[in-house]
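Asks: Provided below are the primary sequence and the corresponding predicted coordinates.
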Amino acid sequence: MKKQVPVLMLLVVIFGTLNSFAGRIKAATLGRYSGVVSGILDAIVYALFYLGLTAFKGEAVRKQVGRVMKVGKTWRTTGICKFLIIAGLSDQIGSIFGFVCQPYLTVLMYSLMNQAIVPFTVALSMLILRSRYIAVEVCSVCVVAAAAVTCVLSSAHGHGNNDMGMAALTAVTTCFPAGAYVLKELAFQDWSETHEEEILAGSEEPVNVFLVG
């Protein structure tokens with residue numbers, strides 16, 4: 001598995017870059033309709049991809065889906081679907097704002113604004129998950145934020161093809177996907193704590209990543 005990590009990281013960079021350029025081409029072609037069309041297609045493609053992978057995993061997923069989707073009388077007795085539903089909504093809201101704003105920004109500016117997800121994720125994980133970060137991690141986040149702000153201020157004088165209002169909206173609304181990520185982590189934690197004895201006994205496994213995804 002460790003040998004696969006560099007390959008996976010490289011694939012993330014490659015597909016992320018291609019997604020940025022493809023998104024800009026799509027935004028320029030569809031104009032103001034980009035948000036609506038992209039939102040619909042994004043949901044369809046994601047659903048098909050997710051269902052395909054879920055079906056591929058088969059028994060591992062079917063075994064846990066009942067517990068994941070359990071609806072109890074109280075918040076505490078309800079399964080981790082309570083976190084996943086909110087996370088899904090947050091993800092979609094973030095995607096919609098991203099699609100709406102993308103036609104008004106260059107590829108570089110759009111990518112820079114999306115870096116705001118990093119400090120949002122750190123802040124929300126500290127607030128919700130009670131995560132703690134070492135000085136090196138905090139400094140890294142500050143460097144990312146400072147670099148993005150510097151580039152924005154540098155380009156703000158000329159504006160070029162960027163709408164600075166949309167740039168700000170893109171940055172602010174990254175709080176939604178950041179929140180979704182944190183809620184998914186909370187779902188993993190809640191499952192592990194709720195079924196800790198069963199997991200240790202070997203009668204249950206950590207929640208399948210495809211159910212949380």
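Replies: On my side now, so go ahead.
Asks: pretty sure Ile117 is in contact with Phe176, am I right?
Replies: No. Counting by CB atoms under 8 Å, Phe176 is not a contact partner of Ile117; they are 9.2 Å apart. Bear in mind the C-beta positions are built from the backbone N, C-alpha and C, glycine included.
Asks: what helix or strand is Glu204 on?
Replies: Under the criterion DSSP states H and E, no helix or strand holds Glu204.
Asks: count of residues packed around it?
Replies: 18 (other CB atoms under 10 Å).
Asks: same deal with Ile199?
Replies: For Ile199, the neighbour count with other CB under 10 Å is 16.
Asks: Also Gly66?
Replies: 9.
Asks: again with Lys82
Replies: Neighbours of Lys82 using other CB under 10 Å come to 18.
Asks: same question, Thr173
Replies: Neighbour count for Thr173, taken as other CB under 10 Å: 23.
Asks: Same question for Ala135.
Replies: 7.
Asks: can you check Asn114 too?
Replies: So Asn114, with other CB under 10 Å, has 19 neighbours.
Asks: ditto for Arg62
Replies: When neighbours are counted by other CB under 10 Å, Arg62 comes out with 12.
Asks: Would you mind listing the buried residues in the host helix or strand of it?
Replies: Assigned by DSSP H and E, Arg62 belongs to helix 59-68. Burial within helix 59-68, assessed by neighbour count using 16 or more other CB atoms under 10 Å, is assigned to Val61, Gln64, Arg67, Val68.
Asks: and the two most separated of these?
Replies: Spatially, the most separated pair among those is Val61 and Arg67, at 11.5 Å (CB to CB).
Asks: ok, now which ones touch the residue nearest to the spatial centre of the chain?
Replies: Geometric centre of the chain, nearest residue: Pro177, 4.3 Å, by CA atoms, centre = their mean. Shown in contact with Pro177 (CB atoms under 8 Å, 6 or more residues apart in numbering): Ser90, Asp91, Gly94, Ser95, Ile117.
Asks: Apply 7 Å and report the result again.
Replies: Listed by CB atoms under 7 Å, 6 or more residues apart in numbering, the contact partners of Pro177 are Ser90, Asp91, Gly94, Ile117.
Asks: Before I go, just wanted to say thanks for your time.
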